[in-house]
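Peer 1: Next input, structure requested:
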Amino acid sequence: MVQRRKLDLISAELTTLVYIAITTVMIAILWTRLDNPMGMLGLRGIALLIMVVTHFTYRFMPYKWSLAWRSFPLFVLLIWWYPEIYDFCNIYPYQDHVFATIDQTMFGCQPALEFDRVCSSAFWSELFNMGYYSYYYLMFSVIVFYLLCRTSDYDKAVFIFLGSFFLFYLFYNFLPVAGPQYYFCALDNIYGDAGWGDSYPALGDYFKSHLEMIVPEVKGVFGQLVIGAQEVGERPAAAFPSSHVGMSTVSMLLAWRTGNKWLFWILVPFYVILCCSTVYIKAHYLIDSICGLFFAAAFYYITLRVYESYSRR
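Peer 2: Residues are numbered from 1 along each chain as shown. Sure, this is the predicted structure:
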């Protein structure tokens, strides 16, 4: 049986409630500038209803598996929260020209355009698409390991995991960056055969009405899976910093914290390929992926310290 805490909220509920509260205030302030504020509030109502149902289920069955029932639906809600970032980003002008210029200045080229040209074979395509798609399984495996094998630390791990995720989401809401797959597609559409040379113009609110993106040639099963996932949930937003790199890094830090070397080292190859894949498939500028590492370390430290302070009180 899982030991019940003095405070009835578990970490998944606490972090989700804080995110709902902050973004609800944002919706109220930006009401007239958002496309569908009522729909956004409706999503929050559904989230609260889910928490009420799972909360009372757990009160009658306070066991390990009912703990999963109480927290896992809130992980799934991360998929629902993600498209809202695009709604918030449309309020501000996009900043892709800044990050494309940074990449050009630092590396003398656009790594997001050059990477797949250099590694264009079906082998590399499938390897990196497999790495990008493994993002979900890498995070899932770490959380499930805590649930099954480190149950006493499960609540802390969930707080760090969801808290870091929500910090990334909140950051994205104020910094619109579409990513190279959208930005360079937009430049091709605007400038056509004339090209844009070495200049990277600002596009303002272009992505508010244009969702076209570079679609790579499918060379295998994983390539198709990645394209399918992007068609369903991808939006021209949330490119800087890379949450794929950031949250997989947070997951690896949590894996290391378990003390289980088998878990950590089995995940390392997938993690390395995943980080490279973010640039390979043009989801992120290279600077996005590099900064994802630093943001992950900062968010991990912040959420860990907040949890420890909250637990002591």
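Peer 1: how about Leu170, secondary structure?
Peer 2: With DSSP: H, G, I helix; E, B strand; the rest coil as the basis, Leu170 sits in helix.
Peer 1: tell me the contacts of it?
Peer 2: By Cβ atoms under 8 Å, 6 or more residues apart in numbering, the contact set of Leu170 is 19, 22-23. Using the backbone N, CA and C atoms, a C-beta is placed for each residue, glycine as well.
Peer 1: same thing but 7 Å
Peer 2: The contact partners of Leu170, by Cβ atoms under 7 Å, 6 or more residues apart in numbering, come to Ile22.
Peer 1: so what's it scoring on pLDDT?
Peer 2: pLDDT for Leu170: 96.
Peer 1: I'd like to know how far it sits from Arg33.
Peer 2: 18 Å (Cβ to Cβ, to the nearest Å).
Peer 1: And Ala283, by the same measure?
Peer 2: Distance from Ala283 to Arg33, by Cβ to Cβ: 27 Å.
Peer 1: Kindly report the same for Val232.
Peer 2: Val232 is 26 Å from Arg33, by Cβ to Cβ.
Peer 1: And for Gly220?
Peer 2: Computed as Cβ to Cβ, the Gly220 to Arg33 distance reads 42 Å.
Peer 1: and if you look at Ser141?
Peer 2: According to Cβ to Cβ, Ser141 and Arg33 sit 40 Å apart.
Peer 1: Give me the more crowded residue out of the two.
Peer 2: Ser141 (16 against 12; other Cβ atoms under 10 Å).
Peer 1: Distance-wise, check the nearest residue to the more buried one once chain neighbours are set aside relative to Cys276.
Peer 2: Leaving aside its chain neighbours, Ser141 sits nearest to Leu267 (7.0 Å; criterion: Cβ to Cβ, 6 or more residues apart in numbering). Counting by Cβ to Cβ, the separation of Leu267 from Cys276 is 15 Å.
Peer 1: and Asp288, what does it touch?
Peer 2: 99, 239-242 are the contacts of Asp288 under Cβ under 7 Å, 6+ apart.
Peer 1: Go again with 6 Å.
Peer 2: 239-242 (Cβ atoms under 6 Å, 6 or more residues apart in numbering).
Peer 1: now, among these, which is nearest to Leu225?
Peer 2: Set against Leu225, the nearest of these by Cβ to Cβ is Ser242 (19.2 Å).
Peer 1: what about the helices in the stretch 101-250 of the chain?
Peer 2: 111-118, 122-133, 135-149, 154-172, 180-191, 221-233, 243-257 (DSSP state H, counting those that start in this stretch).
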